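**Student:** the amino acid sequence is not available; the structure is as follows:
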């Protein structure tokens with residue numbers, strides 16, 4: 001028995017010795033992969049409570065107040081419940097909407113999100129009710145009865161818009 005316990009002890013000491021060698025002589029160890037900083041999507045908060053994240057920066061011209069823009073969007077309630085989208089989730093077909101960046105025709109919070117956005121850019125925004133659908137004539141508004149009713153009946157809730165700027169007209 002003493003021989004077997006001696007062999008086991010020798011084996012355990014030897015295997016414990018190998019990691020010590022690898023720590024002291026890093027050339028013998030496996031190379032570590034290069035660590036990169038993760039991309040963090042920063043959230044911007046505007047004075048009136050609108051928060052947005054720049055998902056894709058885009059290229060080209062920036063939208064300015066008074067411009068007319070063509071956008072695709074997905075609108076959800078703050079609890080994640082789907083309200084309306086210009087992009088069909090199954091086929092991927094889109095029906096972009098054309099909106100003037102004019103304060104009397106578009107919801108104020110969405111206008112603020114679109115101003116400064118570059119063509120091809122994509123932003124996700126949380127729009128509080130105070131700068132959301134303050135009346136039923138503000139755009140974008142779905143033409144279908146169900147989404148329109150859902151949107152207007154929850155006008156006192158924050159909305160989440162994911163917006164992609166297609167063109168500036």
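**Tutor:** The structure has been received and is ready for your questions. This is a predicted model, so every value here is computed, not measured.
**Student:** burial count for residue 132?
**Tutor:** Neighbours of residue 132 under the rule other Cβ atoms under 10 Å: 21. Quick note: C-beta positions are derived from backbone N, CA and C, even for glycine.
**Student:** cool, residue 92 as well?
**Tutor:** 7.
**Student:** how about the one 5 residues further on?
**Tutor:** Using other Cβ under 10 Å, residue 97 is surrounded by 16 other residues.
**Student:** mind checking how far it is from residue 134?
**Tutor:** Counting by Cβ to Cβ, to the nearest Å, the gap between residue 97 and residue 134 amounts to 19 Å.
**Student:** where does the chain dip in pLDDT?
**Tutor:** 1-6, 8-32, 35, 37-38, 40 (pLDDT under 70).
**Student:** so which residues of the chain form strands?
**Tutor:** Shown for the chain, the strands assigned by DSSP state E span residues 43-45, 51-56, 68-77, 82-85, 97-100, 122-127, 159-168.
**Student:** of all those, which lies closest to residue 140?
**Tutor:** Closest approach to residue 140 among these (Cβ to Cβ): strand 97-100, 5.0 Å.
**Student:** show me what that closest one is packed up against.
**Tutor:** Applying 3 or more Cβ pairs under 8 Å, 6 or more residues apart in numbering; DSSP states H and E, we find strand 97-100 packed against strand 68-77.
**Student:** give me the sheet partners of the strand it packs on and which way each runs.
**Tutor:** With DSSP bridges as the criterion, the sheet partners recorded for strand 68-77 are strand 82-85 (antiparallel), strand 97-100 (antiparallel), strand 159-168 (antiparallel).
**Student:** need the winner for burial among those.
**Tutor:** strand 159-168 (a mean of 20; mean count of other Cβ atoms under 10 Å).
**Student:** what's the angle from that one to strand 51-56?
**Tutor:** Between strand 159-168 and strand 51-56, the angle comes out at 40 degrees (axes from the mean of the first three to the mean of the last three Cα atoms, to 10 degrees).
**Student:** which residues touch strand 159-168?
**Tutor:** 55-56, 58, 61, 63, 67-78, 80, 83, 96, 109-110, 113-114, 117-127, 132-133, 151 (Cβ atoms under 8 Å, 6 or more residues apart in numbering).
**Student:** just the buried residues out of these, in ChimeraX syntax.
**Tutor:** Only the buried members of the contacts of strand 159-168 end up in this ChimeraX selection, burial being decided by 16 or more other Cβ atoms under 10 Å:
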select :58,63,67,69,70,71,72,73,74,75,76,83,96,109,110,113,114,117,118,119,121,122,123,124,125,126,127,132,133,151
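**Student:** excluding chain neighbours, what is closest to residue 105?
**Tutor:** In space, residue 105 comes closest to residue 139 once its chain neighbours are excluded; the distance is 5.8 Å by Cβ to Cβ, 6 or more residues apart in numbering.
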